[in-house]
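> have a look at this prediction, sequence included:
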Amino acid sequence: MVFAGHKLTTALDTSVTIRRKTRRVPAFSYGAVAPALLIVFLVAGLPLLYSLYLSFNTTNPITKRWVFVGLGNYAKLLDNAEFWGALGRTAYFAVISVAGTTILGTIIALVLNERFPGRGLLRSAVLVPWAMAPVAIGVLWSFVFAGSFGLLNGLLNDLGLSFLTAAWLGDGFRALNLVALTHVWNQAPLTALMILSGLQSMPGNLHKAAILDGAGPIRRFFSITLPWLKSSYLFIAIIATINALMTFDILLIMTRGGPGTATTVLSWLGYLQSFSFLRFGEGAAILYVLTLASLALAIIYFFIFRQRRSAEHMMDGATPSEMAWHAKRAQRNAMVTLPAYRPHSLLPARVTRVLAPALFALVAIVIFLWSVLPVLALILMSLSPAADLIRTPATVIPTTLTFDNFISVLAAEGHTTSAQAKRVPLSLMNSFIVGAIVSVINVALGTLAGYAFARHAKERFFAGSLWALMLTRMIPGLTLVLPFFITFKTLGLLDTRMALVISYSSFLLPLSAWMMKATFESVPISLDRAALVDGCSRFAMLIKVLLPVVRPGVIAAAIFCFLVSWNEFLFALILTSTPKAQTIPVVISGFLNQAQFYEYGPLFAASVLSIIPPVVVAFFFQRYLVQGALSGAVKG
């Protein structure tokens, strides 16, 4: 009995010792975040500081002389009407984009939150626009809105509504709104997934009680759903605004800032100053204004998000009585008081019961067509002869279908093809190689950092480091690409895959660490303690015990990193110049520079090839994509 009691006491002492050790911050955790912090500091922090230094100078591209002017470049902006015009258009574009993505995303989320046959198919279809490369989206919608032979005018002609045809992108204000609409088509699925996360966390008894009181769906939405999603909507508004401020790819492909300056926003103006006019200092100042706006919004988000998460962190290590108290408090906070309800209906109850399912089905069909029809149109154009693509009057009905465009871009032996089309196979391989390397590096480092951030979120060092890490995610790529270009040119890394791997890590490593942090937070810390009691080292515990548990999160992070690197355009456009390192988005944009009508078919074929990986992932790995999006991932 004495011996058994001694063993029990020893085991309890060991358990207490392990618990105390897990509450202290071990050296392993600091070592786990060190590589991520160091890399982000080198590939994002230093370029950001270098960009700030550039904004204090003027450069002469001929003499290559630098002149320090202090705040002179910023002072010039205050007297520059072009800057103020771009600032106003940026604000307008952001407002339209945020409103559109929020409204459309809410509708999509409400539909996907219901159970109905084909919900999985609809969710896959909704994800396709989000997963596509912005360059391919720009190519698609620029041809939809093309004046004399665009798809929209062709559809109007086929329907006998030719009097409604127009040069859709010829009017400046209309062009700005159409570019915003294209951005909404691309970004609304992300908003829908974040809202869907909030809907699925809502206690079901709230709506059940309201239904018993006779409240209809509209009344329940405004009285219950909206109050519950208040914090989610604030998060969505800030993220959507930052994404709108960063918009570049779609603008470049669709309008190039025109007609005139009608669609010239700050990102495009900064690009022109830096890379068209080689005014690096002036361009850096414009882009830093954009950076400060993005960072201000990011700080607001993190401040609010930290308050929302603080209640969850208070549960770590709490006693059963404390956990019960927190649960009761959360339950009280979750209650939403309904105003007094007076039953009324414009239609008889029997009619309402019949119309409601029909209306729901109609909305689901419209969402499906909105998501899929443009993609099907792109595929149809890729199978159309070149002559059909430039017919006037325009029509959407091809004379025949052919695979010649795909044969052209895949450079089959004995087939005549253009120099640009010959670049497609190598660019696809470059995109795959760069995407695979970037995914492995960033997921490995992100997993280590994510574990440490999840387990020590309340520690000042880790909380501050996570803030700093994620703030770099909110920096517009244009702000970093300019110092990357100058630095890589000095180091001889321009036009190499290594340059792309380094630059992509500047925004993917924070994304991967954030996703893995959210994943590890769902794993109870008792699992760590049990592994340590069994004699595992912390590294062995992470590899052998925790990784099998968080495997879905690792897969989700890998998919996100690969897709974002596959679709990335800006860094590849600036940092590569020859086929040996160019990726598929850059090659697609190169077709537009040739401006030859016979290249339209190969252009659309290359665009279809570029979206195959994202579309396949959206359809067959939707569960991982949704999990990654709901973990807080943001695709810029």
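Nice, thanks for sending it over.
> residues touching residue 83, list them.
By CB atoms under 8 Å, 6 or more residues apart in numbering, the contact set of residue 83 is 77, 266, 269, 286. Glycine gets a C-beta too; all of them are placed from N, C-alpha and C.
> one more pass at 6 Å, please.
Taking CB atoms under 6 Å, 6 or more residues apart in numbering, we find residue 83 in contact with residue 77.
> in the host helix or strand of it, what counts as buried?
Under DSSP states H and E, the secondary-structure element containing residue 83 is helix 81-112. Of all the residues in helix 81-112, those buried under the rule 16 or more other CB atoms under 10 Å are 83, 86-87, 89-91, 93-94, 96-98, 100-102, 104-112.
> what does stretch 470-489 give?
470-488.
> do the same with stretch 382-391
Applying 16+ other CB under 10 Å to stretch 382-391 flags 382-386, 388-389, 391 as buried.
> in this protein, which spans are strands?
57-59, 66-68 (DSSP state E).
> what's the most buried one of these?
Of all the strands of the chain, strand 57-59 has the most neighbours on average by mean count of other CB atoms under 10 Å, namely a mean of 19.
> now for it, which elements pack on it?
Judged by 3 or more CB pairs under 6 Å, 6 or more residues apart in numbering; DSSP states H and E, strand 57-59 is in contact with strand 66-68, helix 280-313.
> the same query, at a cut-off of 8 Å, please.
Packing partners of strand 57-59 (3 or more CB pairs under 8 Å, 6 or more residues apart in numbering; DSSP states H and E): strand 66-68, helix 72-78, helix 280-313.
> residue 26 contacts residue 541, correct?
No: with contact defined as CB atoms under 8 Å, residue 26 and residue 541 do not form a contacting pair (11.0 Å).
> between those two, who's got more neighbours?
residue 541 (21 against 15; other CB atoms under 10 Å).
> how far away is the more buried one from residue 465?
When distance is defined by CB to CB, to the nearest Å, residue 541 is 22 Å away from residue 465.
> do the same with residue 617
In terms of CB to CB, residue 617 sits 31 Å off from residue 465.
> can you give me the helices in the stretch 401-550 of the chain?
404-409, 419-422, 424-455, 460-473, 477-491, 497-520, 525-533, 538-540, 547-549 (DSSP state H, counting those that start in this stretch).
> give me whichever of those is most buried.
Scoring those by mean count of other CB under 10 Å, the most buried comes out as helix 497-520, with a mean of 24.
> any regions of the stretch 51-200 of the chain where pLDDT drops low?
Confidence mapping of the stretch 51-200 of the chain against pLDDT under 70 gives the ranges 60-63.
> could you list the low-pLDDT ranges of the stretch 201-350 of the chain?
Using pLDDT under 70, the stretch 201-350 of the chain drops low at 207-208, 210-216, 298, 301-302, 304-350.
> let's see 80
201-223, 231-232, 234-235, 238-239, 294-295, 297-350 (pLDDT under 80).
> give the buried residues for stretch 573-583.
Buried residues in stretch 573-583 (16+ other CB under 10 Å): 573-576, 579, 581-583.
> before we move on, the earlier item: turn the helices and strands packed on strand 57-59 into JSON lines, including distance to residue 137.
Listed next are the helices and strands packed on strand 57-59 as JSON lines, based on distance: least, CB to CB, whole Å:
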{"stretch": "strand 66-68", "distance to residue 137": "38"}
{"stretch": "helix 72-78", "distance to residue 137": "31"}
{"stretch": "helix 280-313", "distance to residue 137": "22"}
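> deepest of these, which one?
helix 280-313 (a mean of 18).
> buried residues in stretch 189-200?
189-199.
> got it, and stretch 167-177?
168-169, 172, 174-177.
> likewise stretch 358-378?
364, 367-368, 370-372, 374-375, 377-378.
> between the residues you listed, which sits nearest residue 31?
residue 371 (44.5 Å; CB to CB).
> any idea how far residue 109 is from the closest one?
14 Å.
> swap in residue 370?
14 Å.
> and the two most separated of the buried residues of stretch 382-391?
Longest span within the buried residues of stretch 382-391, CB to CB: 382 and 391, 16.3 Å.
> any weak-confidence spans in the stretch 401-550 of the chain?
411-418, 470-476.
> try 70
Using pLDDT under 70, the flagged stretches of the stretch 401-550 of the chain are 412-417.
> number of nearby residues for the spatially closest residue to residue 185 that is not a sequence neighbour?
Spatial nearest neighbour of residue 185, excluding adjacent residues (CB to CB, 6 or more residues apart in numbering): residue 129 at 5.4 Å. For residue 129, the tally of surrounding residues (other CB under 10 Å) stands at 25.
> quick check: residue 129 touching residue 372?
No: with contact defined as CB under 8 Å, residue 129 does not count as touching residue 372 (9.1 Å).
> give me the phi and psi for the closest residue to residue 148 other than its chain neighbours.
Among residues not flanking residue 148 along the chain, residue 392 sits closest, at 5.3 Å (CB to CB, 6+ apart). According to degrees, to the nearest 10, the main-chain angles of residue 392 amount to phi -130, psi 130.
> for residue 392, report the pLDDT, please.
Looking at residue 392, its pLDDT stands at 80.
> what about it, distance to residue 151?
Where residue 151 is concerned, residue 392 sits at a distance of 13 Å (CB to CB).
> ok, those two, which is more surrounded?
For the pair residue 392 and residue 151, the greater number of neighbours falls to residue 151 (22 against 11), based on other CB under 10 Å.
> give the contact list for that one.
Taking CB under 8 Å, 6+ apart, one finds 143-144, 377, 381, 394, 396 in contact with residue 151.
> now swap in residue 149 and tell me
389-392, 394.
> in contact with residue 434: list those residues for me.
Per CB under 8 Å, 6+ apart, neighbours of residue 434: 497, 500-501, 504, 565, 583.
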